[in-house]
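**Q** sequence first, then the predicted structure, then my questions.
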Amino acid sequence: MPWKEIDPMTEKERFVHLARSGRFTITQLCEEFSISRKTGHKYLMRFEQEGRDGLLERSRRPKCSTTATDEAIEALILTLRRKHPTWGPKKIHVLLWRDYGIKNPPHLNTIGLILRRHGLVKKRKRKAGKYEVCRDHLTEPTRPNEVWTVDFKGWFTLGNGHRCDPLTVCDRFSRYVIACKAQPNQQYNRTFYSFKKIMRHYGLPEIIRVDNGTPFAASFSPGRLSQLSVWWVMQGIQVEFIRPSSPQENGSHERMHKDLKAEAIKPAAPTFRAQQKRFDRWRQQYNQVRPHEALDMLCPADIYRSSSRRLGEQDKLSYPADYIVKRVAESGHISYKGTTFYVGQSYYQALVALYENEQGVTELHFANLHLGNLEYHPNESWNGKPTIISPNEVPRQPAPSK
């Protein structure tokens, strides 16, 4: 036989029925039901006034609260959130006192509750897994223009059906977005002219950090340098490559791309000109209005300053007197002791240098980079062709000359 379940509403109705029967006193019934006489009289009075509905549970919320958020401030919070859909309580909290002069803005938790109450926050399920970032081989900047991070945001289609590849450049230290250019492709020529324009305006960084894709890297080129990165090195800029398939090593740049996509790409503009205007407005907001948590809620524009290193100041590459200087031919080859070596077409017209060390090995240098060693393998599998052996890689057959 199952246990009989009794809910509070049934007990209240039974208490009222027995009290109205006149057979028991209120004191006796209150002792029987383990309630106070005040509670007993309260439910009797409610039953007299409202009937059975008077016995239902009521909200215990205070009718008024001295700590409640002012309606005008709550409306302002909602306006800011609708204007900046990706901004959370921390950034809205800063805007309230910085831009609107509210000396004691609501707590972060209060702002979050207001946003959830009005349906402006969606619950997000965190992805399972732990992504460890190893940056031992990367430079951690301590000042503006020490490291620029460069990448292409994933391409998308404009309203007119044309492809758009946004080129983004960001200062790693200040998080300042230096450029966001709407380009039709990722080819060298357009990217090269974009960088010339950027560097004429903002100067040169010390280091540029990129991934291993085109047009920044060339997989089969000594030093992995592409035509664009060779030009960077000739300007006195060091090139840093993240590890292949490791976008987390450039995490701050990828996080910036997430905001760019949400705030300036969805939906896409109809033309390149209209899309570039969106990028410019977004960049102004990101640099000068949006507080950044990694900067103690300052804006990137509060920290960033243009570089004092100007484009064109780098002198012609010079090498020590005991180095043999060679200019790379259009085919990507150099000649040494009657033998032709393929350096790569990325180095066309660049000056490289050869140096024979104490072990008798001929080293190949470009600027301050040791690209590899010249070696000759007279065996059948390599057809007796000379090659350049990278100091950090297993020997591989060179790319065929054109």
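**A** Great, that's in hand. Numbering: from 1, shown residues only.
**Q** go ahead and flag the most central residue of this protein.
**A** Residue closest to the average C-alpha location in the chain (Cα atoms, centre = their mean): Arg255, at 1.2 Å.
**Q** OK, contacts around that one?
**A** For Arg255, no contacting residues are found, by Cβ atoms under 8 Å, 6 or more residues apart in numbering. Backbone N, C-alpha and C define where each C-beta goes, glycine included.
**Q** do the same with Glu254
**A** With Cβ under 8 Å, 6+ apart, Glu254 has these contacts: 151, 247-248.
**Q** can you pull the pLDDT of the residue nearest to the centre of the chain?
**A** If you check Arg255, the pLDDT there is 93.
**Q** please identify the helix or strand for it.
**A** helix 251-260 (DSSP states H and E).
**Q** for that helix, which positions count as buried?
**A** Of the residues in helix 251-260, those buried by neighbour count under the rule 16 or more other Cβ atoms under 10 Å are 253, 256-257, 259-260.
**Q** now do stretch 105-113
**A** The neighbour-count check on stretch 105-113 (16+ other Cβ under 10 Å) flags 105-106, 110-112 as buried.
**Q** could you do stretch 333-342 as well?
**A** In stretch 333-342, the ones that count as buried by 16+ other Cβ under 10 Å are 333-334, 341-342.
**Q** so Gly88 versus His365, what's the distance?
**A** Separation of Gly88 from His365 (Cβ to Cβ, to the nearest Å) stands at 50 Å.
**Q** more crowded one of these two?
**A** Neighbour count, other Cβ atoms under 10 Å: between Gly88 and His365, His365 has more, with 18 against 15.
**Q** so what does the more buried one have for phi and psi?
**A** Per-residue torsions, His365: phi -120, psi 150 (degrees, to the nearest 10).
**Q** pLDDT at it, what is it?
**A** 94.
**Q** low-confidence stretches in this structure?
**A** In the predicted model of the chain, residues 1, 126-135, 315, 376-387, 389-402 satisfy pLDDT under 70.
**Q** just the strands in it please.
**A** With DSSP state E as the criterion, the chain has strands at 147-152, 156-157, 163-171, 177-183, 207-210, 238-241, 324-327, 333-336, 339-342, 351-356, 362-366, 369-376, 386-389.
**Q** follow-up on the earlier one: for Ser308, state which of the buried residues of helix 251-260 is nearest.
**A** Relative to Ser308, the closest of those is His253; by Cβ to Cβ it sits at 23.8 Å.
**Q** how close does the closest one sit to Thr86?
**A** Distance, His253 to Thr86, using Cβ to Cβ: 16 Å.
**Q** same check on Met199?
**A** 30 Å.
**Q** so which of those two has more stuff around it?
**A** Set Met199 next to Thr86 and count neighbours by other Cβ under 10 Å: Met199 wins out with 23 against 12.
**Q** wait, that one sits on Leu311?
**A** Yes. Met199 is within contact range of Leu311, at 4.4 Å (criterion: Cβ atoms under 8 Å).
**Q** list residues touching both of those two?
**A** Joint contacts of Met199 and Leu311 (Cβ under 8 Å, 6+ apart) are Gln235.
**Q** could you chop this structure up by domain?
**A** Per automatic domain parsing, the structural domains of the chain span 8-55, 71-117, 147-302, 324-389.
**Q** and the shortest one, end to end?
**A** Looking at domain 71-117, the gap from its leading to its trailing residue is 14 Å under the measure Cα to Cα, to the nearest Å.
**Q** and stretch 58-78, which residues are buried?
**A** Going by neighbour count (16+ other Cβ under 10 Å), the buried part of stretch 58-78 is 69, 73-74, 76-78.
**Q** check the offset of the lengthiest helix in the chain from the chain's centre.
**A** Longest helix in the chain by number of residues (criterion: DSSP state H): helix 272-288. Here helix 272-288 is found 17 Å from its chain centre; the criterion is Cα atoms, centre = their mean, to the nearest Å.
**Q** report the buried residues of it.
**A** Residues 275-276, 278-279, 282-283, 285-287 are the ones in helix 272-288 that count as buried (16+ other Cβ under 10 Å).
**Q** ok, of the residues you listed, which one's closest to Ile242?
**A** Closest to Ile242, out of all of the buried residues of helix 272-288 and judged by Cβ to Cβ, is Tyr286, at 22.5 Å.
**Q** so that closest one makes contact with Tyr304?
**A** No. Tyr286 is beyond contact range of Tyr304, at 11.7 Å (criterion: Cβ under 8 Å).
**Q** spit out the contact partners of Pro141.
**A** 147, 172-173, 207.
**Q** quick check: the farthest pair among those residues?
**A** Among the contacts of Pro141, Phe173 and Ile207 lie farthest apart (Cβ to Cβ), at 10.9 Å.
**Q** distance of Gln227 relative to Thr191?
**A** Distance from Gln227 to Thr191, counting by Cβ to Cβ: 10 Å.
**Q** name the residues contacting each of those two.
**A** Residues touching both Gln227 and Thr191 (Cβ under 8 Å, 6+ apart): Pro215.
**Q** what about those two, which has more around it?
**A** The residue with more neighbours, out of Gln227 and Thr191, is Thr191; 23 against 20, by other Cβ under 10 Å.
**Q** check contacts around the more buried one.
**A** Residues near Thr191 by Cβ under 8 Å, 6+ apart: 167, 183, 215, 228.
**Q** still on that earlier bit, save the buried residues of stretch 58-78 as JSON lines, and put in distance to Leu55 too.
**A** Output for those, formatted as JSON lines (distance: Cβ to Cβ, whole Å):
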{"residue": "Thr69", "distance to Leu55": "34"}
{"residue": "Ile73", "distance to Leu55": "39"}
{"residue": "Glu74", "distance to Leu55": "35"}
{"residue": "Leu76", "distance to Leu55": "42"}
{"residue": "Ile77", "distance to Leu55": "39"}
{"residue": "Leu78", "distance to Leu55": "38"}
